[in-house]
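Trainee: Sequence first, then the predicted structure, then my questions.
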Amino acid sequence: MKISFVTARPATSGTAVIPVFDGDKKYGSAKDYYSASKGAIAKAAKAAKFSGKAGQRFDVYAPAGSKASRLHIVGLGKKDKFNPEMLAANVVKGLLFSGDTTLTFHLDGLGLTPDQAARAAVGARLAAYQFNRHKTKLPKNKKPTIASVKIAYDSSSKGKKAYDNFHGPVCDGIIYARDLVNEPPNVIYPKAYAARVKKLADLGLKIEVLGEKRMATLGMHALLGVGLGSERESQLVVMRWDGGKKGAKPAALIGKGVTFDTGGISLKPGAGMWDMKGDMGGSAAVVGAMIGIAGRKAKANVIGIIGLVENMPDGRAQNPGDIVKSMSGQTIEVLNTDAEGRLVLADALHYARTKYKPAAMIDLATLTGAIIVSLGHEHAGVFSNDDGLAEQISAASESSGERSWRLPLLPEYDKLMDTPNADMKNLGGKAAGSITAAQFLQRFVGDTSWAHIDVAGTAMKNERHDPRETTFGTGYGVRLLNHWIAENFEG
Ligand code: BES
Ligand code: MN
Ligand code: ZN
C-alpha cells in the first residue's frame with residue numbers, strides 16, 4: 001500500500017473520506033466539497049439522518065464540482081474522543097474490498113498534530129494487512145483493492161516526516177512480526193527463521209546466529225533440552241543496532257521463539273494445538289522492534305536476542321523429571337516439558353545479561369495460558385524487579401496504545417519452585433501460574449534491571465474486534481518496545 005501526505009484538495013480522484021464532528025453542519029474539514037456540491041451533500045446527509053455521531057456514515061457518488069468518484073462521510077462523535085488512527089482503520093476495514101483503489105483522508109483543519117496524521121497512515125496499513133500468501137485461489141471479492149492511501153493534512157511535510165522518521169518504520173516492523181506469527185510451523189522453524197532474520201542485515205542490523213554446537217559450548221542446556229525432541233536444530237539469534245553513543249550500555253530485548261509447542265512428552269491436547277505455531281510471538285515482536293529501530297535509525301544501542309526451538313515429543317526428547325544445567329550454572333528439574341518457554345528464556349536472559357551488560361532488559365514471551373485467564377486478550381502482563389522500569393513500560397503502553405498491566409513478584413511465589421532434587425523445578429503449582437513463571441525467569445537476571453511481558457493473550461488472537469487486528473498474528477509489542485526505546489534511550 002502506497003502512503004502519501006498531500007495538501008491538495010478537492011482535486012483528488014478516488015474516494016475522499018470526510019470526517020465530521022458531531023453537530024458540525026458545515027463539514028469543517030471539507031467545506032469546499034460541501035459548497036461545490038451545491039446542496040447535494042446537505043440533502044444526502046438529511047436523507048441519511050447524518051449528524052456526525054460516532055459510527056454514522058454515508059456516501060455521495062460522483063459529487064458535483066469534484067474529481068472524487070465518491071465522498072465517504074464519517075461521523076466522529078465528540079472531538080475529545082477523536083482518534084485518527086482508529087478512524088483510518090475503521091474506514092479501510094469497511095472499504096478494503098470495495099473496488100476503490102485510492103482513499104484520501106481529509107484530516108486537515110482538524111487541529112491534529114503531525115504525529116496523529118502519521119498514525120492515521122498506520123491505522124490504514126494495519127487494517128489493510130492480510131495474510132494470503134498460501135492461498136492459491138482467492139476470490140475477487142476477497143482481494144483488497146485499496147492500493148494507495150493519501151493523508152491530506154495542513155502540513156503534509158510535517159506529517160510525512162513523523163511517518164518516515166517513526167511510525168512508518170515501526171509499522172513495517174509490526175507487519176513483519178505478523179507475517180512471522182502467521183506463517184505455519186513448517187515454514188518458520190528455527191533455521192528457516194534465523195535465515196529470514198539474517199536478511200535484516202540489509203537494514204544495518206548486525207546479525208549473529210548461534211547453532212547447537214556453540215550453545216552447548218556455552219552450557220545452554222536449559223534451552224537445548226527443549227529442542228532435543230526436534231529434528232530441527234535450535235538457534236539463538238542476536239541482532240544488534242549500534243545507533244547510540246559508543247560504549248553506552250545497550251537496551252536488550254529478548255524473545256521466546258518456540259516455533260511450535262506440542263508440549264513435548266507432556267503433550268498438549270490436539271484441539272487447538274495449531275495455535276502453538278504462534279508460540280514464537282515474543283520473538284517476532286523483538287524482530288519487529290529491531291526493524292523499527294533500524295528503519296528509523298534510532299540513536300540508541302539495542303540488542304535483540306531470540307531463542308528459537310521446536311518443542312516436540314520423540315525418543316530423544318527430554319522426559320518429565322530430567323534435570324538440566326542452565327548456562328548460569330543453576331540446575332532445573334523439568335517436571336513438565338510443556339513449561340518450556342521459561343527454559344529457553346533462562347539461557348537467553350543469562351546470555352544477554354553476561355555478554356552485553358545491558359542497562360535494562362525486557363523479555364517478551366507467550367509464556368502462560370494463565371495470563372489469558374487473568375487479563376484476557378486486552379492487556380499483556382508485565383512483571384519487573386525494577387519499579388522505574390515498570391513505570392517506563394506503563395508510559396510506553398500509554399503512548400503506543402499497546403495495553404499492559406503489571407502483576408506482582410514476591411519471595412512467597414518464588415518458593416513454589418523449590419524441589420528436593422535440583423536448584424528449582426520448572427513448575428510452580430496450580431495457583432498464580434503467570435507469576436510463578438515470571439519468578440522462574442527472575443532467577444536468571446541477577447541484579448540487572450529487567451521486565452518480563454507475557455504476551456500469550458495479545459500476540460495471537462482468534463477473535464477480532466479491533467479493526468487494526470486483521471489476522472491471528474497481531475504484532476503486539478513492536479510498538480510498545482519502540483516507544484520504550486525512543487522515550488528512554490534516545491534522549
Ligand atoms: N506456549 C504455552 C503458553 C500458551 C498457552 C500460550 C496458550 C498461548 C496460549 C506455554 O509453553 C505452556 O504450555 N505453558 C503451560 C505452563 C504449564 C505447563 C505450567 C500452560 O500455560 O499451560
Ligand atoms: Mn508449552
Ligand atoms: Zn510454549
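Mentor: That came through, no problem. Ligands and ions are numbered 1, 2, ... in the order given.
Trainee: make it CA atoms for all contacts and neighbour counts henceforth
Mentor: Noted.
Trainee: Give me the contact list for the helix or strand of the chain with the lowest mean pLDDT.
Mentor: Every helix and strand of the chain was ranked by mean pLDDT, DSSP states H and E. The lowest is helix 31-36, at a mean of 77. Residues outside helix 31-36 that contact it (C-alpha atoms under 8 Å, 6 or more residues apart in numbering): 10, 26-27, 41-42, 64-66.
Trainee: ditto for stretch 365-373
Mentor: 255-257, 279-283, 341-342, 380-381, 432-434, 437, 452-457, 459.
Trainee: Counting only helices, which of those residues make the cut?
Mentor: Within the contacts of stretch 365-373, residues falling in helices by DSSP state H are 281-283, 341-342, 433-434, 437.
Trainee: any chance of those in TSV, plus distance to ligand 2 and neighbour count?
Mentor: Shown next, in TSV, are the ones in helices among the contacts of stretch 365-373 (distance: C-alpha to the ion, whole Å; neighbours: other C-alpha atoms under 10 Å):
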residue	distance to ligand 2	neighbour count
Gly281	13	35
Gly282	14	35
Ser283	15	32
Gly341	6	29
Arg342	9	24
Gly433	12	20
Ser434	13	23
Ala437	12	24
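Trainee: Mind picking the one among these that's closest to ligand 1?
Mentor: Ligand 1 lies nearest to Gly341 out of the ones in helices among the contacts of stretch 365-373, by C-alpha to the nearest ligand atom, at 5.2 Å.
Trainee: Please look at Ile146 and Thr104 and confirm they touch.
Mentor: No: judged on C-alpha atoms under 8 Å, Ile146 makes no contact with Thr104 at a distance of 10.8 Å.
Trainee: Give me the more crowded residue out of those two.
Mentor: Using other C-alpha atoms under 10 Å, the more surrounded residue of Ile146 and Thr104 is Thr104, with 25 against 20.
Trainee: if I've got this straight, that one is in a helix?
Mentor: No: with DSSP: H, G, I helix; E, B strand; the rest coil as the criterion, Thr104 is located in strand rather than a helix.
Trainee: residue contacts, it?
Mentor: Thr104 neighbours (C-alpha under 8 Å, 6+ apart): 12, 14-17, 149-152.
Trainee: can I get those in TSV with neighbour count?
Mentor: Below are the contacts of Thr104 laid out as TSV (neighbours: other C-alpha atoms under 10 Å):
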residue	neighbour count
Thr12	18
Gly14	17
Thr15	24
Ala16	29
Val17	24
Val149	23
Lys150	22
Ile151	25
Ala152	25
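Trainee: would you turn those residues into TSV with secondary structure and pLDDT?
Mentor: Output for the contacts of Thr104, formatted as TSV (DSSP: H, G, I helix; E, B strand; the rest coil; pLDDT from 0 to 100):
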residue	secondary structure	pLDDT
Thr12	coil	71
Gly14	coil	91
Thr15	strand	94
Ala16	strand	92
Val17	strand	94
Val149	strand	97
Lys150	strand	96
Ile151	strand	96
Ala152	strand	94
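Trainee: How many residues are close by the closest residue to Ile174 other than its chain neighbours?
Mentor: Taking C-alpha to C-alpha, 6 or more residues apart in numbering, and ignoring the residues beside it in sequence, Ile174 has Gly475 as its nearest neighbour in space, at 4.8 Å. Counted by other C-alpha under 10 Å, the residues lying close to Gly475 total 31.
Trainee: Next, the contact list for Gly475, please.
Mentor: 173-178, 281, 284-285, 288, 459.
Trainee: and with 10 Å instead?
Mentor: 126, 171, 173-182, 281-282, 284-286, 288-289, 458-460, 469 (C-alpha atoms under 10 Å, 6 or more residues apart in numbering).
Trainee: one step back: nearest to ligand 2 among the contacts of Thr104?
Mentor: Val149 (41.1 Å; C-alpha to the ion).
Trainee: Tell me how far the residue in the stretch 51-200 of the chain that ligand 1 sits nearest to lies from Leu253.
Mentor: Residue of the stretch 51-200 of the chain nearest ligand 1, by C-alpha to the nearest ligand atom: Val181 (12.1 Å). Separation of Val181 from Leu253 (C-alpha to C-alpha, to the nearest Å): 18 Å.
Trainee: Next, count neighbours for Glu412.
Mentor: 10.
Trainee: quick one: it and ligand 2, what's the gap?
Mentor: 24 Å (C-alpha to the ion, to the nearest Å).
Trainee: Secondary structure element for that residue, which one?
Mentor: Element membership for Glu412 (DSSP states H and E) is helix 411-414.
Trainee: Does that helix reach ligand 1?
Mentor: No: shown here: helix 411-414 not in contact with ligand 1 (C-alpha under 6 Å from any ligand atom), separated by at least 13.9 Å.
Trainee: Beyond that helix, next helix or strand please.
Mentor: Next element after helix 411-414 (DSSP H and E): strand 424-425.
Trainee: For that following strand, give me every contacting residue.
Mentor: By C-alpha under 10 Å, 6+ apart, strand 424-425 touches 321-323, 330-336, 414-419, 440, 443.
Trainee: The same query, at a cut-off of 6 Å, please.
Mentor: Residues from elsewhere that reach strand 424-425 (C-alpha atoms under 6 Å, 6 or more residues apart in numbering): 332-334, 417-419.
Trainee: Please apply the same query to stretch 481-491.
Mentor: 289, 299-300, 396.
Trainee: Which residue does the stretch 201-350 of the chain have closest to ligand 2?
Mentor: For the stretch 201-350 of the chain, C-alpha to the ion, closest residue to ligand 2: Asp338, 3.6 Å.
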